[in-house]
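Colleague: output the structure for:
(2 chains)
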Amino acid sequence: MKTDIILCGVGGQGILSIATIIGEAAMNENLYIKQAEVHGMSQRGGDVQSNLRISSEPINSDLIALGGADVIISMEPMEALRYLPYLNKEGWIITSSAPFVNIPNYPELDTIMADLNKMPNVIIVDIEQLAKDNGVNRSANVILLGAAQKALGIEYDKLEDAIRRVFGRKGDAVVEANIKALALGRAAQK
Amino acid sequence: MKKLLLGDEAIAQGALDAGLSGVYAYPGTPSTEITEYIQASPLAKERGVHSRWSTNEKTAMEAALGMSFMGKRALVCMKHVGMNVCADPFVNSGMTGVNGGVVVLAADDPSMHSSQDEQDSRFYGKFALIPTFEPSSQQEAYDMMAAAFDYSEQQKLPVLMRVTTRMAHSRAVVEVKNEARKQNDMNYNAVAANWVLLPANARKRNDIVTAQQATLEENAANSAYNKYIEGKDKKMGIIASGIAFNYVNECFPAGCPFPVLKISQYPLPKKLVRRMCDECDSVMVVEEGQPFIEEMLRGVMPGNAEIKGRLTGELPRTGELTPDIVKKALGMETGQNFSSCEDVAPRPPALCQGCGHRDVYTALNEVLKEYENPRVFGDIGCYTLGFLPPYRAIHSCVDMGASITMAKGAADAGQWPAVAVIGDSTFTHSGMTGLLDAVNENANITVIISDNLTTAMTGGQDSAGTNKFEAICRGLGVAEEHLHVVTPLPKNMPEITRIIREEINYKGTSVIIPRRECIQTLQRHLKEQKKAQEKK
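Modeller: Numbers count the residues shown, from 1 in each chain, chains lettered A, B, ... in the order given. Next up, the predicted model:
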């Protein structure tokens, strides 16, 4: 088993918490993991990405090659498109539909959506609204993770278990909210 | 025991498990997380491992030498440009040698993700005659810390450990020891004749350390971290150092057909290099950073093999390596399927909404509009982003502390207004001495110390001068009537602009300290307070 994942968004959107849950699930399965993160000045409201690789075989490179990513998980629709050259032919894009506009030349949202819908395998979820409607405001990113479950090739139960372990210290309410968010994401899968 | 660790965290855990007694560091991307990990470590707490931030890399290196002098193991961490700040004690530590083990960790930043240059710290190791380690994986980084401390004590020399951004900031599963080595006891074995670098003493040490280089090279040739991996196809041999080794392997999932020489310990083992050059028609040198090995090779080789690498264009002359760059150099096709999307706009980093630096630049720009040719000398920190729109407020940013000294030099040349903008942590790191120069000549400059009570850019570490800035400025001789503290908020704009204008018009050195906590650390502190109250 081998899945190469690009997690992306805008600095501060919390892409690393998604990575933590996937990493926890993978580690529990005794898989190899490499996860390259971005720290420092680039985090200040700029585009950020993390290369997450999980595999049953040892992994060499910390970085994913062009055309190598199986999944792009993005907290922001334009950011999902930034990494297209890295996506493989059958790769999936799982993205939030909510634009994060902090630049004056942000393109028309319709253009972005049209570009996304041109892609063979794409799931666009309004995670903010879905989170709000279901009272799990702080777990919007976990909805995105749920929507990516099949593309990741990780069994749903394993992700649920990982959430219990990652959020266990924060109490039952937080765990339950995140599990609910994960289920909402699963339902949004095609 | 298995742990999922950042490269930086693996280094920190490796140092703790090797019996570390103190880490000395100044925050700098991509090295910061090493010290933070030790600060948060229960083992470090239990053992009383020193981990408080130092004022700069030079004070860090010197304190580590002091700890080594007393027989204990010390780690110094910094980003590559920090090596320039501590170059004096670092190079001279090759002359003094060590008592307790010393590892100097330099985290290089090829492609300059968060830096002003791309310098390769391996040159410092060679220059200072200090053995250098360059791990290729997080596991190796962990294992190497123990090896480096042992080697340092065995050879009585510091060891330079060089990593790059992708190693420092990438996570992997690392097998760690269940028990940490005992810390060294204090001892009085350090010999004054080694440590007092009077010319007569230093000359002796210079001979000894120079003679030691042959042993260090022999050890590197036999090191378990340097490997000659056989390959059937001798048309090409590949020399790959540090994480470049992974990119090479990534290109050959079924195993590399060419001989590969993995380099992770220096001085460069010429014996292994010669073997490769004898066996192969050409040699491709793949290294992260500058062409350090490649340049040496061109001097080492008798000339029967063709050398390829960054100097011949197969690999780009500058910038970080990627699997795709290495693939291309090896003559393989990239796997790209989709082209870049033309509708995607660049999203550069920016100062946070609500950040005090924003108000400082707004005020400064408003005042400077009134002058013909104002020049603003910037410095290293979040506020360097003041160069970008909408502010376009600074004209230079060179190195830690250069704002004040460059403003002074410009004023010496006749420039007015000459304004320096420097952050609180950068000021105590390297700005204080420059301010003393300015005060001593009453240079016609206006210094703005934008104090957000933290080292913000690297993630909010403690700042050495917090609550001391007025006292420091007074102590350096800044006149009381030209020393001001303001709160950078939009409602205070009239007051701030008035003070800036008055001090620019004053012919002499003045200091204005806009002080308001960093919005990021403020949010963190408010959250912690809320949590503490909930507990009550």
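Colleague: how about the longest helix anywhere in chain A: buried residues?
Modeller: If you go by DSSP state H, chain A has its longest helix at helix A:172-187. By neighbour count with 16 or more other Cβ atoms under 10 Å in any protein chain shown, helix A:172-187 contains the buried residues A:174-175, A:177-186. All C-beta atoms are positioned from the backbone trio N, CA, C, and that covers glycine.
Colleague: among those, which one sits closest to chain B?
Modeller: Checking the buried residues of helix A:172-187 against chain B by Cβ to the nearest Cβ gives residue A:174 as the nearest, at 13.2 Å.
Colleague: hmm, back to that, quick one: contacts of the longest helix of chain A?
Modeller: A:125, A:127, A:130-131, A:134-136, A:138-140, A:142-149, A:156, A:159-160, A:163-164, A:167-168 (Cβ atoms under 8 Å, 6 or more residues apart in numbering or on different chains).
Colleague: repeat for stretch A:18-31
Modeller: Residues contacting stretch A:18-31 (Cβ under 8 Å, 6+ apart): A:1, A:5, A:7, A:33, A:35, A:37, A:50, A:52, A:54-56, A:73, A:141-142, A:144-145, A:152, A:154, A:158-159, A:161-163, A:165-166, B:2, B:4, B:171, B:173.
Colleague: return a PyMOL selection command for the buried portion of those residues.
Modeller: Here is the PyMOL command that selects the buried residues among the contacts of stretch A:18-31 (16+ other Cβ under 10 Å):
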select buried, (chain A and resi 5+7+33+35+37+50+52+54+55+73+141+142+144+145+152+154+158+159+162+163+166) or (chain B and resi 4+171+173)
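Colleague: could you pull out the helices for the stretch 401-536 of chain B?
Modeller: Using DSSP state H, counting those that start in this stretch, the helices of the stretch 401-536 of chain B run over B:402-412, B:424-426, B:432-440, B:469-476, B:493-505, B:519-535.
Colleague: ugh, typo on my part, it should be the stretch 151-300 of chain B
Modeller: B:165-168, B:192-195, B:199-222, B:244-251, B:270-279, B:292-300.
Colleague: please identify the buried residues of the fifth one?
Modeller: Under the neighbour-count criterion of 16+ other Cβ under 10 Å, helix B:270-279 has B:270, B:272-273, B:275-277, B:279 buried.
Colleague: one step back: what about the longest helix of chain A, distance to the chain center?
Modeller: Put simply, helix A:172-187 sits 15 Å off its chain's centre (Cα atoms, centre = their mean, to the nearest Å).
Colleague: check contacts around the residue lying closest to residue B:424 once chain neighbours are set aside.
Modeller: Sequence neighbours aside, residue B:451 is the residue nearest to residue B:424 in space, at 4.1 Å (criterion: Cβ to Cβ, 6 or more residues apart in numbering or on different chains). Shown in contact with residue B:451 (Cβ under 8 Å, 6+ apart): B:423-424, B:466, B:469, B:513-516.
Colleague: what bridges to the residue nearest the centre of chain B?
Modeller: Centroid-nearest residue in chain B: residue B:79, 0.5 Å away (criterion: Cα atoms, centre = their mean). Beta-bridge pairing for residue B:79 (DSSP bridges): residue B:107.
Colleague: residues contacting it?
Modeller: Neighbours of residue B:79 in contact, by Cβ under 8 Å, 6+ apart: B:28-31, B:106-109, B:114-115.
Colleague: change it to 6 Å
Modeller: Contacts for residue B:79 (Cβ atoms under 6 Å, 6 or more residues apart in numbering or on different chains) come out as B:28, B:31, B:107.
Colleague: again with residue B:290
Modeller: residue B:120 are the contacts of residue B:290 under Cβ under 6 Å, 6+ apart.
Colleague: what's the answer for residue B:423, then?
Modeller: So residue B:423 contacts B:381, B:383, B:450 (Cβ under 6 Å, 6+ apart).
Colleague: which non-adjacent residue is nearest residue 168?
Modeller: No chain specified, so I'll use chain A. That would be residue A:175: by Cβ to Cβ, 6+ apart, it lies 6.5 Å from residue A:168.
Colleague: think we crossed wires, I meant chain B
Modeller: residue B:30 (3.8 Å).
Colleague: quick one: the one you found and residue B:172, what's the gap?
Modeller: Look at residue B:30 and residue B:172: by Cβ to Cβ, to the nearest Å, they are 15 Å apart.
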